[in-house]
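J.: could you look at this predicted model? Sequence included:
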Amino acid sequence: MSYSLQIGVRYLRSKKRATVSMITLISIVGVALGVAALLAVLSITTGFEQAFRDKVLGVNAHVLILKYGREFRDYREVLATVGEMPEVAGVAPFSIDEMMLTKGERRAVVLVKGVTPEGVRTVLDLPHQMVAGTLEGLRRPGVAPTGGTAPKPADDWQWLRDLRDAGGEIPPPDTARPEEPTRADATEEPARRKTFWEEEQERRQAQREAARRARRPDIGKVAKPSEIEAMLADLDEEELVLPDDPAWEAGLSQGEAREPVETLPGIIVGKTLAEDLGLELGDRVTLISPLAALGLALEPGGQATRSREFRLIGVFQAGFQEYDSGLVYTDLYDAQRLFDEGDNVTGVELRVRDLDTSYELARRIEQDLGGAYHCLDWSELNRNLFTALEVQKIALTLVIATIIFVAAFNVIATLIMIVLEKKREIAILKAMGATDATVLGVFMVQGVVIGVIGTLVGVVVGGGLVTYLDRIRFPLDPKVYLIDHLPVVLNPSVFAVTIAIALLICTLSTIAPSWWAARMLPVEGLRYE
């Protein structure tokens, strides 16, 4: 062991006893507290960032493919194109809209997301988030996509397609002259185009007329008792039994026979929403369109969506208050009927094998599909949330690091006091031939030893604290923090960053007093002796 190391460690001890001096102990405690606080803050802030990312990715996909405009009917071609990419682990269409969920007198505004049974297993984490019920029954047997209103042909833009196919050359104009209108045609006045409200009034009048015709009794030939008995003879006894459904019987007694709950389409709600509305598995709930009160339809000529009954088949818990209280899942085909969209979707979502490549993959998909589509990866969808978390993490790290800076000033003061106290010993060492580097090493050793011991103690204290918080799952108010417990990450990288910051600060703080001691002349140390 070098004698500079021996002298430096000796200076840290007490004069009277072979123990650490009080001022050295205070310096070590200051460094340890700073390290423990910094380790706890980094573990908690990293835990918040990771928890939010996991919760968001558990409900949302890694990449979304959207289309400019309202119509996205060619999603099957997009599924086939994107599904062939090796980076994609799963791809599925989805449709989402805001609705009102009611049960009795209780109601809540929710986001209804139409998904496919294959998509919830390959793209989303919904199977792992189920706390009650199953995904069985999400899609009823025999359900097919609705035809809806066919998109209008874009004949007005055919000239642009011809220009693209011609390689940028404008095709020659048609030399055939159009037929001149006859005199009789010229005298005819063009028909006035009906306004929106006139068309809407005619459509509502037609609906009321159709409803009156439906309520009108169909008077025809009355069947004989023998004919009725012959018809009933072909039916089994089980087919003649009415369904055991109190809601169906109540509707039947009021003249409004409701569909049996066993045949209703399935719906999956969040745990908080189920508790707020008092929902249980098998309950009959109703989704009401926000356009129902206005009597409007999303598609021209379509029927105004009043409401649709569903059967609760499952409850999920994503751990994110925003999703658990305001998101419901149903089958894509039933959602399309509810939204009155026809065979139209909101977009296509996909899961990638490597999360770090999601941004590059989104840009490549945009180039492959063309300008009508745009893609968003998970970081772009939640840019505000993750940016705020990152800024908060940096700010808290700088604030808590000031504790280590204060401890570093304590180390500087300790070394300055030791230098003033050991001026005579420094002069004697230099008079005996000790170099400036040797004296510098003596006092640098003291600062480094204080930093190493304080850092180790702080890591033990901080590591024990975060381990305790991780085990007890300290509860939080989900309405405020969006999650129900304090997230803590026991990551080796967090420990490594904390140790590096503490040792760097303590080492840099010893340079100034050690350099001052090394530059001291022997005559200055022995002047007053």
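T.: Alright, I've got the coordinates. Numbering: from 1, shown residues only.
J.: where does Tyr373 fall, phi/psi-wise?
T.: phi -120, psi 150 (degrees, to the nearest 10).
J.: how about it, what does it touch?
T.: Shown in contact with Tyr373 (C-beta atoms under 8 Å, 6 or more residues apart in numbering): Ile65, Leu66, Lys67, Tyr68, Val78, Ile365, Glu366. For the C-beta atoms, the positions are set from N, CA and C on the backbone; glycine is no exception.
J.: cutoff 7 Å now
T.: Applying C-beta atoms under 7 Å, 6 or more residues apart in numbering to Tyr373 gives the contacts Ile65, Leu66, Lys67, Glu366.
J.: what's the neighbour count on the residue lying closest to Ile313 once chain neighbours are set aside?
T.: Nearest non-adjacent residue to Ile313, counting by C-beta to C-beta, 6 or more residues apart in numbering: Gly266, 3.9 Å away. By the measure other C-beta atoms under 10 Å, the count of residues near Gly266 is 21.
J.: same check on the one 5 residues further on?
T.: Other residues near Lys271 number 19, with proximity taken as other C-beta under 10 Å.
J.: distance of it relative to Phe320?
T.: 11 Å (C-beta to C-beta, to the nearest Å).
J.: do Val109 as well
T.: 17 Å.
J.: please identify which of the two sits among more neighbours.
T.: Legend: neighbour count by other C-beta under 10 Å for Val109 and Phe320, higher for Phe320 (22 against 10).
J.: quick one: low-confidence parts of this protein?
T.: 1-5, 8-20, 146-200, 211-224, 227-228, 231-232, 234-258, 290-306, 523, 525-529 (pLDDT under 70).
J.: the strands in it, which residues?
T.: 63-67, 88-103, 106-115, 130-133, 266-270, 284-288, 307-316, 327-331, 347-352, 373-377 (DSSP state E).
J.: pairing partners for the fourth one, with directions?
T.: Sheet neighbours of strand 130-133, with direction, are listed as strand 307-316 (antiparallel) (DSSP bridges).
J.: tally of neighbours for Ile511?
T.: A count of nearby residues for Ile511, using other C-beta under 10 Å, gives 15.
J.: how close does it get to Thr498?
T.: Distance from Ile511 to Thr498, by C-beta to C-beta: 22 Å.
J.: list the beta-bridge partners for the residue nearest to Ile313.
T.: With DSSP bridges as the criterion, Gly266 is bridged to Arg311.
J.: tell me who's in contact with it.
T.: Taking C-beta under 7 Å, 6+ apart, one finds Gly137, Leu138, Phe310, Arg311, Ile313, Thr330, Asp331 in contact with Gly266.
J.: is it true that Ala89 touches Val352?
T.: Yes - between Ala89 and Val352 a contact is recorded at 6.3 Å, counting by C-beta atoms under 7 Å.
J.: so between these two, which is more surrounded?
T.: For the pair Ala89 and Val352, the greater number of neighbours falls to Val352 (22 against 14), based on other C-beta under 10 Å.
J.: my guess is that one contacts Gly90. True?
T.: No - taking C-beta under 7 Å as the definition, Val352 is not a contact partner of Gly90, at 9.0 Å.
J.: count the neighbours of the closest residue to Leu465 other than its chain neighbours for me.
T.: Spatial nearest neighbour of Leu465, chain neighbours left out: Ala40 (5.5 Å); criterion: C-beta to C-beta, 6+ apart. Applying other C-beta under 10 Å, we find 21 residues neighbouring Ala40.
J.: tell me the contacts of Ala40?
T.: Ala40 touches Gly462, Leu465, Val466, counting by C-beta under 7 Å, 6+ apart.
J.: now those residues as CSV including neighbour count and distance to Gly34?
T.: As requested, these are exported to CSV (neighbours: other C-beta atoms under 10 Å; distance: C-beta to C-beta, whole Å):
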residue, neighbour count, distance to Gly34
Gly462, 25, 10
Leu465, 16, 14
Val466, 23, 15
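J.: any chance of the residues you listed in CSV, plus distance to Phe405?
T.: Conversion of the contacts of Ala40 to CSV gives the following (distance: C-beta to C-beta, whole Å):
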residue, distance to Phe405
Gly462, 17
Leu465, 21
Val466, 22
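J.: just name the closest of the residues you listed to Glu105, please.
T.: Nearest to Glu105, judged by C-beta to C-beta, of these is Val466 at 46.4 Å.
J.: check contacts around the closest one.
T.: The neighbours of Val466, taking C-beta under 7 Å, 6+ apart as the test, are Leu39, Ala40, Ser43, Val488, Leu490.
J.: what does Leu486 give?
T.: Ile44, Leu469, Phe474, Leu476.
J.: torsion angles phi and psi at it?
T.: The phi/psi pair for Leu486 (degrees, to the nearest 10) is phi -80, psi 120.
J.: for Thr46, see how far away it is.
T.: Applying C-beta to C-beta to Leu486 and Thr46 gives a distance of 12 Å.
J.: again with Ala108
T.: 34 Å.
J.: test my guess that Val123 contacts Val352.
T.: No - using C-beta under 7 Å, Val123 makes no contact with Val352, being 10.3 Å away.
J.: from Leu381, how far off is the closest residue to Glu49 other than its chain neighbours?
T.: Once flanking residues are discounted, Glu49 sits nearest to Leu389: 4.7 Å by C-beta to C-beta, 6+ apart. Distance of Leu389 to Leu381, computed by C-beta to C-beta: 14 Å.
J.: also Val109?
T.: Counting by C-beta to C-beta, the gap from Val109 to Leu381 is 21 Å.
J.: name the residues of stretch 101-110 that are buried.
T.: The neighbour-count check on stretch 101-110 (16 or more other C-beta atoms under 10 Å) flags Leu101, Lys103, Ala108, Val110 as buried.
J.: need the max-distance pair from these.
T.: Maximum distance among the buried residues of stretch 101-110 (C-beta to C-beta): 12.0 Å, for Lys103 and Val110.
J.: can you give me every residue that contacts Arg106?
T.: Leu277, Gly278.
J.: and with 6 Å instead?
T.: Leu277 (C-beta atoms under 6 Å, 6 or more residues apart in numbering).
J.: what residues are bridge-paired with it?
T.: In this structure, Arg106 bridges to Lys103 when assessed by DSSP bridges.
J.: how close does it get to Leu279?
T.: Arg106 sits 9 Å away from Leu279, taking C-beta to C-beta as the criterion.
J.: number of residues surrounding the closest residue to Gln321 other than its chain neighbours?
T.: Nearest non-adjacent residue to Gln321, counting by C-beta to C-beta, 6+ apart: Pro478, 4.1 Å away. Applying other C-beta under 10 Å, we find 17 residues neighbouring Pro478.
J.: all helices of the stretch 301-450 of the chain, in order?
T.: 321-324, 332-339, 358-369, 378-381, 383-421, 423-431, 436-472 (DSSP state H, counting those that start in this stretch).
J.: turn the ones you listed into TSV, columns for distance to Asp97.
T.: Listed next are the helices of the stretch 301-450 of the chain as TSV, based on distance: least, C-beta to C-beta, whole Å:
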stretch	distance to Asp97
helix 321-324	16
helix 332-339	5
helix 358-369	24
helix 378-381	18
helix 383-421	23
helix 423-431	80
helix 436-472	39
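J.: select, out of those, the one closest to Val115.
T.: helix 332-339 (5.9 Å).
J.: list the buried residues of that closest one.
T.: Quick answer for helix 332-339 (16+ other C-beta under 10 Å): Leu332, Tyr333, Asp334, Ala335, Gln336, Arg337, Leu338, Phe339.
J.: how close does the fifth one get to Tyr323?
T.: Separation of Gln336 from Tyr323 (C-beta to C-beta) stands at 22 Å.
J.: same deal with the third one?
T.: When C-beta to C-beta is applied, the distance between Asp334 and Tyr323 equals 20 Å.
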